[in-house]
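Colleague: okay, here's the prediction I keep looking at, along with the sequence it came from:
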Amino acid sequence: MDAAERYLVLGTAGHIDHGKTTLIKALTGIDCDTLAEEKDRGITIVLGFAHWQLPDGTHLGIVDVPGHRRFVRSMVAGAAGLDLVMLVVAADDGVMPQTREHLHIARMLGVTAGLVALTKTDLVDDDLRELAIADVEDLIKGTFLDGCPIIPVSATTGAGLEELTQAAMETAAGVSARRGGGQFRLPIDRVFTVKGVGTVVTGTSLAGEVAVDDELELVPGGQRARVRSIELHGESIRRCGAGHRVALNLVGLDKDQIRRGHVLAVPGSLPVTWMLDAEIELLAELAKPVRRGGELMLHIGTAELTAKVFPLEGDYASPGAATLVQLRFGEQLPAVVGDRFILRDSSSEHTIGGGVVLDAHPTKHRRQRRRAAAELERLRGADAVAALLHEAAKSITGLDAATAARRLQLTDDELAAAIEEAQQGDGGLLTHQVGRQTILTVPANRERIVSAAQAALGAHRAENPLVRQGLSARALIKAIDRGGGGVPAEVLGPVLDEAVAAGVLVRVDETYALPHEEIELSARDRRAVEEIERRLNASAQPDQPEEFAAELPVDRKRLRQLLSYLTEHGRIATQAGMYFGEEVVARAKRQLKGHFEREQTLTVSQFGQLLGTTRKYSLPFLQLLEQQGMLRRVGDKRVLNEDWEGGGE
């Protein structure tokens, strides 16, 4: 394939029986009606395809769409990836319902160039022809076709075909070729089996490149297939790029595993989603607005599925106005920022609007819809840098760079360039290396982490008002991001340390806490503390607090807080749910020191005899002394740690 050759995709549009298929055959010699039913009924039912090489060498892949209203869903599937459109209007019929609907669809899908063929001019006189032209001019006024060529033609006599070809060439010359970056992506519009060849799929490649023997993934689903061969306009090629209307012969997938709406992509490059944030526009002539939670048919790429509409500002999406919405659906869908789509009513009988994807992997917006809408406002027409900053800011945890590349369909080079630019711009993109992952985040996420940490520590203090110690870094990770994968410690640590340096938080031993407040016990608290300490110091097998809680002048919640207070201050110790007084622990250490002057080891039985306690208390007491570093377990016995210099003597 000559690199200098231009390949574009042209779609037909127009009402049933206005001569689209006949015109294509006259221009290319290819009959797009291949089904017996189409030939019998004289109408196009499924998508048809042809190749039109213009005099300047431009190759137009033609998608011939059905004109009957019952087959508009097929028309929408074929319109995915169009570069320009040829609106076909019959001179003896004029503008009809599907003429208008197809024009709306082309506009909603972002087509910006095209021309008009006024067909069947051999069946009308000059007056009717001029009337039809005026009808078309009125239709296209204010649309992307406003001022475009309107060429009278007759596929029967050949009149006007040269003029139409010249107009197509001039229109195509002004169309920019599709960008070649990103990962390969091909929405499938047809799948069939060729005897002796195998499974074949067709579609318009939206980005990237694919070559013979490349491995591709079916999305959704995840099945893999190898590309055996590639065909472009009837010719075998080794490689194809963005904007090509191609057929791929696949090895490893059967026809019944594939359907229209599936996408072929580089393995692992195209994530699926259950919802989209988008800007939609409902047609001005729509009779009523779409209510919050209303169901519509979403046509995106070549897929068709039911979606619920949730406006982000207000409870309605109004006709004739642009509205920011979240679309939610009950099945997985592959989508990319910038993808355009069509909305039809729930019965899929009428086109009511369309839109563009602003965020292909949003979170579900409930209470903060207005903030989400404000963020989406900034994403209108955004470039890769703005989209990258948006992805990094969505979650308090930041985002893995590889995931960002998949969501935005960026190559490694494109991602690296976007990261570098984002780091230098006002957004201030930050990166953290976590193992082999590069985590992308933004300064606002640091503020969110500190705020979330303060909230978690505030809740901890409310539960434990008498305790200075707060939460460990691990506990904070769980508290800050309960619904996600957790804030990586490599990200959390520096943020918390900055907060400590600024005096927002304090560090106590290995925990983080809010700045200290003076702790003052009430007279009732002091009486309870005295009784707790008296009972826990009375014996090596003391009554436990829950056993005498009813005799204390505080409720059980305050009792738990007082126990935490006493533990933190070293006045009692706890192990395995049991509490021991400070004096009891000190006496035990003195007795054990004397024991180890006589013997080298200690059994549980000896410990019980030494302290005058039972096994119920001996085991947790021994575990406490191990935890404090005095004892070390060897088999079923304990020995004195050689480097122990603890108190209690």
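Modeller: Received the coordinates, thanks.

Colleague: got the contact list for the closest residue to Leu128 other than its chain neighbours?
Modeller: When the adjacent residues along the chain are set aside, Leu128 lies closest to Ala91, with 6.4 Å between them (Cβ to Cβ, 6 or more residues apart in numbering). C-betas here are computed from N, CA, C, even on glycine. Contacts for Ala91 (Cβ atoms under 8 Å, 6 or more residues apart in numbering) come out as Leu118, Thr119, Lys120, Thr121, Leu123, Val124, Leu128, Arg129, Ala132, Pro152.

Colleague: mind pulling up the pLDDT for Ala91?
Modeller: With respect to pLDDT, Ala91 has a value of 95.

Colleague: equivalent analysis for Arg190, please.
Modeller: Arg190 carries a pLDDT value of 87.

Colleague: what's the answer for Asp426, then?
Modeller: At Asp426, pLDDT is 68.

Colleague: if we can go back for a sec, now the contacts of Ala91: which count as buried?
Modeller: Listed as buried from those are Leu118, Thr119, Lys120, Thr121, Val124, Arg129, Ala132, Pro152; burial here means 16 or more other Cβ atoms under 10 Å.

Colleague: I'd like to know how far the closest residue to Ala26 other than its chain neighbours sits from Thr21.
Modeller: The shortest distance from Ala26 to any non-neighbouring residue, by Cβ to Cβ, 6+ apart, is to Ala155 (4.0 Å). Distance of Ala155 to Thr21, computed by Cβ to Cβ, to the nearest Å: 9 Å.

Colleague: how about the contacts made by Ala106?
Modeller: Residues near Ala106 by Cβ under 8 Å, 6+ apart: Gly11, Ala13, Ala79, Leu82, Val85, Leu87, Gly114, Phe144.

Colleague: run the last query once more with 6 Å
Modeller: By Cβ atoms under 6 Å, 6 or more residues apart in numbering, Ala106 lies in contact with Ala13, Val85.

Colleague: what do you get for the one 5 residues further on?
Modeller: For Val111, the contact set (Cβ under 6 Å, 6+ apart) comprises Leu82, Val85.

Colleague: got phi/psi on it?
Modeller: The phi and psi values for Val111, taken as degrees, to the nearest 10, are phi -70, psi 130.

Colleague: domains of this structure?
Modeller: Following automatic domain parsing, one gets these domains for the chain: 7-173, 185-265, 272-378, 383-437, 445-513, 533-640.

Colleague: what distance separates the start and the end of the last one?
Modeller: Put plainly, it is domain 533-640. 28 Å (Cα to Cα, to the nearest Å).

Colleague: chain center to it, what's the gap?
Modeller: 53 Å (Cα atoms, centre = their mean, to the nearest Å).

Colleague: same check, this time on the fourth one
Modeller: Relative to the centre of its chain, domain 383-437 is centred 14 Å away, using Cα atoms, centre = their mean.

Colleague: before we move on, the earlier item: ok, which of the domains of the chain comes nearest Ser522?
Modeller: domain 533-640 (9.1 Å; Cβ to Cβ).

Colleague: now that closest one: average pLDDT?
Modeller: Mean per-residue pLDDT for domain 533-640: 92.

Colleague: export the domains of the chain to JSON lines and tack on distance to Arg527?
Modeller: Formatted as JSON lines, these follow (distance: least, Cβ to Cβ, whole Å):
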{"stretch": "domain 7-173", "distance to Arg527": "76"}
{"stretch": "domain 185-265", "distance to Arg527": "67"}
{"stretch": "domain 272-378", "distance to Arg527": "46"}
{"stretch": "domain 383-437", "distance to Arg527": "45"}
{"stretch": "domain 445-513", "distance to Arg527": "15"}
{"stretch": "domain 533-640", "distance to Arg527": "5"}
